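S.K.: curious how this folds, go ahead:
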Amino acid sequence: MCKGITTLAVAAAVLTCVSGAQADVFNMPDGLTNLEIIPVGNPGNPGDARYPSGGVPSFGSVDYSYNIGKYELTAGQYTEFLNAVAFIDVYGLYSTKMWTSSCGCKIQRHHLPSGVARYTVAGDWADRPVNYVSWGDSARFANWLHNGQPTGAQDLSTTEDGAYFLDGAMTDGELMSVAREPNAAWAIPTGDEWHKAAYHKNDGVTGNYFDYPTSSDETPSKELVDPDPGNNATFHGGSTIGSPYYRTEAGAHENSDSPYSTFDQGGNVWEWNDAVLPGSYRLLRGGSYFFDRHSLHAATRDFLYPSSENCDVGFRVAEVPEPVTLTLLTFGGLLAGRRRR
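M.R.: Numbers count the residues shown, from 1 in each chain. Sure thing, here's the model as predicted:
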């Protein structure tokens with residue numbers, strides 16, 4: 001009866017199809033596992049004015065307390081998201097490159113006899129950052145968290161509204177016009193939220209910042225040793241970890257966290273920010289395994305079309321405990337870093 005489901009018009013039938021006989025195969029998640037968040041306080045801190053860019057005089061000033069992901073979103077966590085809402089993947093939350101690419105995060109899609117899909121991740125990849133996710137994918141994940149991690153078709157109750165009103169937005173132009181809703185509970189970090197969590201010294205309501213998100217002004221090393229001596233990150237140039245992984249597991253550099261106790265805000269994968277840039281770009285921060293140590297520096301920014309899905313780009317989420325009025329960064333000039341597609 002369920003065979004051949006192909007359109008959103010019959011997506012409501014999927015919940016019936018994956019229940020009963022298929023339930024033990026589909027394995028619906030009860031809730032996202034191991035999503036750790038940490039508080040970022042010191043509201044009202046001055047911004048980091050050392051490296052102005054694109055007409056923006058400073059970065060990192062946030063006048064409210066908020067929480068941010070301790071780690072980058074992992075492949076295991078994203079797999080749970082896919083199994084909750086992508087049994088019919090209307091808006092392309094899954095990229096086949098996650099499995100087929102030599103640098104993919106090894107999430108695999110399986111088609112069930114019912115016509116729907118389920119997803120698995122290779123065990124030794126589950127705690128490494130997800131990649132091949134666009135800004136739109138990241139916003140839909142934030143909507144899913146905002147809506148309480150529901151199981152259901154991709155619609156206004158799951159992925160298309162909540163923190164962001166997407167309602168089917170897929171093109172660069174459509175995604176550039178999307179902004180965080182005032183009542184968002186979960187979201188992609190703004191440029192200021194991300195910068196503060198990475199570089200601010202967490203020493204009160206000050207304008208003091210480190211150059212690197214490893215709580216240091218010294219250039220990090222790329223050692224992966226136990227115990228971690230501190231000030232290490234995963235980046236290119238005789239890579240920290242080679243094929244097939246390239247990316248280290250969340251928190252692998254155990255003593256190289258930021259002053260707010262976030263990990264891998266430098267290296268591993270670039271991370272999407274909410275900030276919008278001229279030319280239909282969204283901001284990327286933090287560098288990656290594919291770039292050298294300079295990409296980790298507080299002055300470095302990169303950018304990408306919001307519909308793009310790259311091997312060295314992922315994201316982390318932020319939680320805003322109280323509704324706030326936000327002004328997204330808009331850059332008037334060319335940023336440090338290279339233009340990417």
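
S.K.: would you map the helices across this protein?
M.R.: 14-17, 23-26, 75-85, 97-100, 135-146, 172-176, 191-199 (DSSP state H).

S.K.: the closest residue to residue 45 other than its chain neighbours: what's it in contact with?
M.R.: In space, and not counting its chain neighbours, residue 45 is closest to residue 205: 5.1 Å by C-beta to C-beta, 6 or more residues apart in numbering. Glycine gets a C-beta too; all of them are placed from N, C-alpha and C. With contact set as C-beta atoms under 8 Å, 6 or more residues apart in numbering, residue 205 has these partners: 42-46.

S.K.: again, only using 7 Å
M.R.: The neighbourhood of residue 205, defined by C-beta atoms under 7 Å, 6 or more residues apart in numbering, consists of 42, 44-45.

S.K.: and if you look at residue 178?
M.R.: Neighbours of residue 178 in contact, by C-beta under 7 Å, 6+ apart: 139, 164-166, 169.

S.K.: in TSV: the helices of the chain, plus mean neighbour count and mean pLDDT.
M.R.: Listed next are the helices of the chain as TSV, based on neighbours: other C-beta atoms under 10 Å; pLDDT from 0 to 100:
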stretch	mean neighbour count	mean pLDDT
helix 14-17	17	41
helix 23-26	12	35
helix 75-85	24	98
helix 97-100	18	98
helix 135-146	25	98
helix 172-176	17	97
helix 191-199	26	98
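
S.K.: of the contacts of residue 178, which is the most crowded?
M.R.: In terms of neighbours by other C-beta atoms under 10 Å, the contacts of residue 178 top out with residue 139 at 28 neighbours.

S.K.: I'd guessed that residue sits against residue 166; true?
M.R.: Yes. Assessed by C-beta atoms under 7 Å, residue 139 is found in contact with residue 166 at 6.2 Å.

S.K.: about what we covered before: of the contacts of residue 205, buried ones?
M.R.: If you count burial by 16 or more other C-beta atoms under 10 Å, the buried members of those come out as 42, 45.

S.K.: which of the contacts of residue 205 lies closest to residue 255?
M.R.: Checking those against residue 255 by C-beta to C-beta gives residue 42 as the nearest, at 22.5 Å.

S.K.: check what pLDDT the closest one gets.
M.R.: What the model reports for residue 42 is a pLDDT of 98.

S.K.: could you do residue 268 as well?
M.R.: In this model, residue 268 is scored at 97, pLDDT.

S.K.: my guess is it meets residue 249, correct?
M.R.: No. Taking contacts as C-beta under 7 Å, residue 268 lies outside contact range of residue 249: 9.5 Å.
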